[in-house]
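**Student:** pasting the structure only:
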């Protein structure tokens with residue numbers, strides 16, 4: 001009887017997390033096993049993926065008679081038309097627009113502050129959440145009955161739109177205002193990987209203890225912010241979620257609109273989690289080209305690589321790119337088979353290790369001042385350890401082991417907030 005109870009308990013443990021190690025004791029024998037949720041058969045979901053925004057029948061009646069504020073950018077579309085324009089044509093009263101990094105219409109470069117304005121196409125005031133302040137003020141919310149968040153995320157901790165979501169949730173909670181989230185698929189939602197953010201490294205490119213690839217849609221992350229008490233003063237934001245139809249985290253999803261100026265192809269979106277930490281190094285990731293986050297290079301690598309590219313100033317994408325007007329030599333990943341990422345469900349650490357080993361001036365590789373780029377490497381990685389591990393020549397297995405057990409604990413916690421299989 002005891003053996004049977006132990007067996008059932010171990011089985012429950014195996015089914016309780018994305019990645020857990022357990023020992024099944026059966027008939028007196030110990031059987032160590034590792035089970036990943038991705039190895040368990042999941043229900044196959046058919047039918048066209050339909051975003052929350054596209055399901056207007058699910059929420060239009062709820063908006064009737066309300067004064068609406070919308071947190072939107074160029075990815076906020078219904079069909080092939082901006083959601084603001086679409087909802088206005090359907091009689092929705094939108095009184096204010098809130099724009100994140102890159103602005104409401106997406107014409108500002110990465111990291112560039114955006115001013116308040118009036119949208120020339122609609123005449124609606126636009127409040128910048130990437131200028132004087134990141135969080136809507138009480139005055140900003142005056143005259144609004146309901147806020148809507150409709151922005152496409154790419155599932156990566158240092159992509160700033162989930163920080164915008166947090167600030168909006170905190171403002172709504174403080175002003176007793178409901179937030180409707182029109183959910184969208186996560187193109188990198190098929191895996192979870194990377195070090196958990198060290199609280200000492202909180203910044204505008206990482207606020208919460210989640211891994212680099214968090215495996216959540218915006219609505220799922222909003223539920224996590226509420227459920228884990230991560231909002232300021234542990235407030236709770238009232239949420240109304242319009243889910244994505246026919247979606248599962250394993251289903252491939254190609255974004256119909258580029259999520260930001262430098263993620264302009266599906267290839268760049270899928271490579272972004274493994275390449276963005278190069279922003280804290282002396283290596284260019286192709287900003288200043290029309291194929292950013294698809295190449296890696298540096299002028300000092302001439303002779304070690306034959307492939308080259310030359311960053312130039314491109315308004316709206318990168319006005320002053322690293323190594324501007326200099327030939328950079330390195331890796332061309334434009335035709336890299338991203339199915340390898342889908343199959344491995346892992347960040348690619350080899351490119352970081354290779355570039356560090358190839359670069360001749362090791363003391364400058366992680367020098368954020370030298371790189372003159374947006375990010376600090378430790379803040380991007382979310383840990384002080386990765387830089388030290390690369391310098392010390394640690395193996396990928398050793399680096400990955402250092403992410404545990406925090407990464408496994410996160411995967412267990414994540415399951416509480418999933419809206420999709």
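**Tutor:** That came through fine. Predicted model, so just to flag it, every value in this text is computed and none were measured.
**Student:** give me the nearest residue to the residue nearest the centre of the chain, chain neighbours excluded.
**Tutor:** By Cα atoms, centre = their mean, the chain has its centre lying nearest to residue 156, at 2.5 Å. Spatial nearest neighbour of residue 156, chain neighbours left out: residue 273 (5.0 Å); criterion: Cβ to Cβ, 6 or more residues apart in numbering. Where you see a C-beta, it was placed from the backbone N, CA and C, and this is true even at glycine.
**Student:** wasn't the one you found part of a strand?
**Tutor:** No. Counting by DSSP: H, G, I helix; E, B strand; the rest coil, residue 273 is located in no strand; its state is helix.
**Student:** which residues touch it?
**Tutor:** Contacts for residue 273 (Cβ atoms under 8 Å, 6 or more residues apart in numbering) come out as 155, 156, 188, 193, 194, 212, 213, 347.
**Student:** part of a strand, is the third one?
**Tutor:** Put plainly, it is residue 188. No. Looking at residue 188 with three-state DSSP, it is coil, so not inside a strand.
**Student:** do you know the pLDDT at it?
**Tutor:** You'll see residue 188 listed with a pLDDT of 98.
**Student:** any idea how many residues pack against residue 201?
**Tutor:** For residue 201, the count of nearby residues is 16 (other Cβ atoms under 10 Å).
**Student:** with residue 241 instead?
**Tutor:** What residue 241 shows, counting by other Cβ under 10 Å, is a neighbour count of 19.
**Student:** for it, which three-state class applies?
**Tutor:** What three-state DSSP gives for residue 241 is strand.
**Student:** correct me, but it touches residue 59?
**Tutor:** No. Using Cβ atoms under 8 Å as the test, residue 241 is too far from residue 59 to be in contact (10.0 Å).
**Student:** which among the contacts of residue 273 count as buried?
**Tutor:** 155, 156, 188, 193, 194, 212, 213, 347 (16 or more other Cβ atoms under 10 Å).
**Student:** how about those in JSON lines, adding secondary structure and distance to residue 308?
**Tutor:** Conversion of these to JSON lines gives the following (DSSP: H, G, I helix; E, B strand; the rest coil; distance: Cβ to Cβ, whole Å):
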{"residue": "155", "secondary structure": "coil", "distance to residue 308": "31"}
{"residue": "156", "secondary structure": "strand", "distance to residue 308": "28"}
{"residue": "188", "secondary structure": "coil", "distance to residue 308": "29"}
{"residue": "193", "secondary structure": "strand", "distance to residue 308": "30"}
{"residue": "194", "secondary structure": "coil", "distance to residue 308": "30"}
{"residue": "212", "secondary structure": "coil", "distance to residue 308": "28"}
{"residue": "213", "secondary structure": "strand", "distance to residue 308": "30"}
{"residue": "347", "secondary structure": "coil", "distance to residue 308": "26"}
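**Student:** looking at those residues, which two lie furthest apart in space?
**Tutor:** Maximum pairwise distance in these, criterion Cβ to Cβ, is 12.0 Å, between 155 and 347.
**Student:** low-confidence ranges in the stretch 251-400 of the chain?
**Tutor:** Residues of the stretch 251-400 of the chain meeting the criterion pLDDT under 70: 368-375.
**Student:** ok, of the buried ones among the contacts of residue 273, which one's closest to residue 365?
**Tutor:** Residue 365 lies nearest to residue 347 out of the buried ones among the contacts of residue 273, by Cβ to Cβ, at 18.6 Å.
**Student:** want to try a markdown table for the contacts of residue 273, with distance to residue 295 as columns?
**Tutor:** Output for those, formatted as a markdown table (distance: Cβ to Cβ, whole Å):
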| residue | distance to residue 295 |
| --- | --- |
| 155 | 22 |
| 156 | 19 |
| 188 | 19 |
| 193 | 22 |
| 194 | 22 |
| 212 | 20 |
| 213 | 21 |
| 347 | 18 |
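**Student:** which one of the residues you listed is nearest to residue 314?
**Tutor:** Using Cβ to Cβ, residue 156 comes nearest to residue 314 of those, at 22.5 Å.
**Student:** give the closest residue to residue 352 in space, chain neighbours not counted.
**Tutor:** residue 390 (6.4 Å).
**Student:** contacts only, for that neighbour.
**Tutor:** For residue 390, the contacting residues are 352, 353, 356, by Cβ under 8 Å, 6+ apart.
**Student:** if I look at the last one, how far off is residue 153?
**Tutor:** Spatial separation of residue 356 from residue 153 under the definition Cβ to Cβ, to the nearest Å is 29 Å.
**Student:** next one: the first one
**Tutor:** In this structure, residue 352 and residue 153 are separated by 23 Å, where distance is defined by Cβ to Cβ.
**Student:** hmm, back to that, mind checking which of the contacts of residue 390 are in helices?
**Tutor:** Those of the contacts of residue 390 mapping onto helices are 352, 353, 356, per DSSP state H.
**Student:** quick one: which of these is most hemmed in?
**Tutor:** With neighbours taken as other Cβ under 10 Å, the top of the ones in helices among the contacts of residue 390 is residue 352, carrying 25 neighbours.
**Student:** any idea how far that one lies from residue 358?
**Tutor:** Residue 352 sits at a distance of 11 Å from residue 358 (criterion: Cβ to Cβ).
**Student:** and for residue 232?
**Tutor:** Counting by Cβ to Cβ, the separation of residue 232 from residue 358 is 44 Å.
**Student:** could you check how many residues crowd around the residue lying closest to residue 360 once chain neighbours are set aside?
**Tutor:** Nearest non-adjacent residue to residue 360, counting by Cβ to Cβ, 6+ apart: residue 300, 5.8 Å away. Neighbour count of residue 300, defined by other Cβ under 10 Å: 18.
**Student:** give me phi/psi at residue 300?
**Tutor:** According to degrees, to the nearest 10, the main-chain angles of residue 300 amount to phi -80, psi 0.
**Student:** kindly report the same for residue 146.
**Tutor:** phi -150, psi 140.
**Student:** so in terms of bridging, what pairs with it?
**Tutor:** Residue 146 has these beta-bridge partners by DSSP bridges: residue 68, residue 178.
**Student:** hang on, it packs against residue 65?
**Tutor:** No. Applying Cβ under 8 Å as the test, residue 146 and residue 65 come out as separate, 10.3 Å apart.
**Student:** between these two, which has more neighbouring residues?
**Tutor:** residue 146 (17 against 8).
**Student:** local confidence estimate at the more buried one?
**Tutor:** Residue 146 carries a pLDDT score of 98 in this model.
**Student:** and it, what does it touch?
**Tutor:** Contacts of residue 146 (Cβ under 8 Å, 6+ apart): 63, 66, 67, 68, 69, 177, 178, 179, 180.
**Student:** mind checking how far it is from residue 317?
**Tutor:** From residue 146 to residue 317 the distance is 34 Å (Cβ to Cβ).
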